[in-house]
Every structure is written in structure tokens, then in C-alpha cells.
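The following block contains a protein sequence and its predicted model.
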Amino acid sequence: MEKAITKVGSIKAGTFWVSKKAKEEISNISQDLTTFSNTVEEKAKWIFNKLKGKPLKSLPDLLREYNLPPGLFPQNITCYEFDEIKSNLVVYLPSPCEISFKDSSVLRYATRIKATLSRGKLTGIEGIKTKVLVWVKVTSVTIESYKSDKVWFNAGVKKSRPKDAYDVPRDAIKVEEF
């Protein structure tokens, strides 16, 4: 009798464990389906807008809207993608290039620049370098306030530069390597 009760108890415990695992798996599957659904919905909207002919803003206009100087990127970009929900910005250029600005600063760009765009900030930048004594990766560009006349570049150290040096998009010079 004791063996039977022990066996029934272990079957119940095993069933409970299987039931718990099944619920976890179903929960994981439903989360995956939701994520997939959201991604498909975002891409479908993007394709629909492209087919409908809804024009994208120019990159300088997008930067102005987010209180950043419109000349942060070269004039000759190939295209850009901006995910408003995640604030991810990706800018494509035909080749690595660099720009010398009127404040004597120099920025070098990779063929693809990725960053997070928010009001007055471009953070998590991948694909931009600046010349200090050597080429240093730029990790963020910020404007402290709407009326600020300074742009802050973070490339290991934070350095301010005059905002008006970046008011107009400039043609870039092609370079061999980023």
C-alpha cells in the first residue's frame, strides 16, 4: 500500500513538473509570436509607405526635428533608415569618407553608421571617428538645450565645438579605409 501511495505521489509530482514546464514553453512561444508579429507589422508598414509613395524626410530635416545640427552627416548619403519606435538610425554612404568642418575638426565616416537618435542626442554611435592626434571613435553627439550654440562630441573625452560649424551638410572626400 505504501509503495502504491509513494508511486501515486511521485506521478502527481512528475505531472505537476511537466504541467509547469508546458506552461513555460507555451508562454515562451506566445512571446516569440508577439515579437514576430510586431516585426512583421513594422516591416509591412515600411513597405506599404514605400509603395504608397510616402516620402521620407531628408536626413538634415530629421536631425533638425531632433534638435541636432543638419550637417552632422555628409551631403552624399546613399539613404537612411529610422525606426521611430526604437529610435534606431542607420545611415548608408557609398564609401568611407571624411569631412573637414569650418572649425578645423575632421570627422571620418564608415559606409554604415548606426546610432540611437533622441531629442538633442545621437548616442551609441558606430561608424564615426574624429581626428585628435590619432583617429578616435565618436560614441555620442549631444546638444545641451535648444538654444545652445555648442555641440558636444564624446570620443573618449567630451569636447565642445561650435554648433554653426555643422549647420550645412557638406560634400565628403572619399578615403580608402575607415
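Arrived safely, thanks for sending. Numbering: from 1, shown residues only.

Next, the buried residues of the longest strand along the chain.
Longest strand in the chain by number of residues (criterion: DSSP state E): strand 106-118. For strand 106-118, a neighbour-count test (16 or more other CB atoms under 10 Å) marks 107-110, 113, 115, 117 as buried. (C-beta placed from N, C-alpha, C; glycine too.)

That one - contacts with which helices or strands?
strand 88-92, strand 97-100, strand 121-131 (3 or more CB pairs under 8 Å, 6 or more residues apart in numbering; DSSP states H and E).

Need the CA coordinates for the second one. CSV is fine.
Listed next in CSV are the C-alpha coordinates belonging to strand 97-100 (Å, rounded to 0.1, in the frame of the first residue of the first chain):
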residue,chain,number,x,y,z
CYS,A,97,34.7,59.4,-46.4
GLU,A,98,35.7,62.4,-44.3
ILE,A,99,34.7,66.0,-43.9
SER,A,100,36.7,68.9,-42.7
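
Run me through the strand neighbours of that strand, direction for each.
In the sheet, strand 97-100 lines up against strand 106-118 (antiparallel), strand 173-174 (antiparallel) (DSSP bridges).

Make TSV out of those and add mean pLDDT and distance to residue 19.
Shown next, in TSV, are the strands paired with strand 97-100 (pLDDT from 0 to 100; distance: least, CB to CB, whole Å):
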stretch	mean pLDDT	distance to residue 19
strand 106-118	96	42
strand 173-174	91	63
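
Any idea which of those strands gets closest to residue 92?
Counting by CB to CB, residue 92 lies closest to strand 106-118 out of the strands paired with strand 97-100; the figure is 5.7 Å.

For the most centrally placed residue in the chain, list the residues it contacts.
The chain has residue 88 as the residue nearest its centroid, 2.9 Å off, counting by CA atoms, centre = their mean. Shown in contact with residue 88 (CB atoms under 8 Å, 6 or more residues apart in numbering): 81-82, 114-117.
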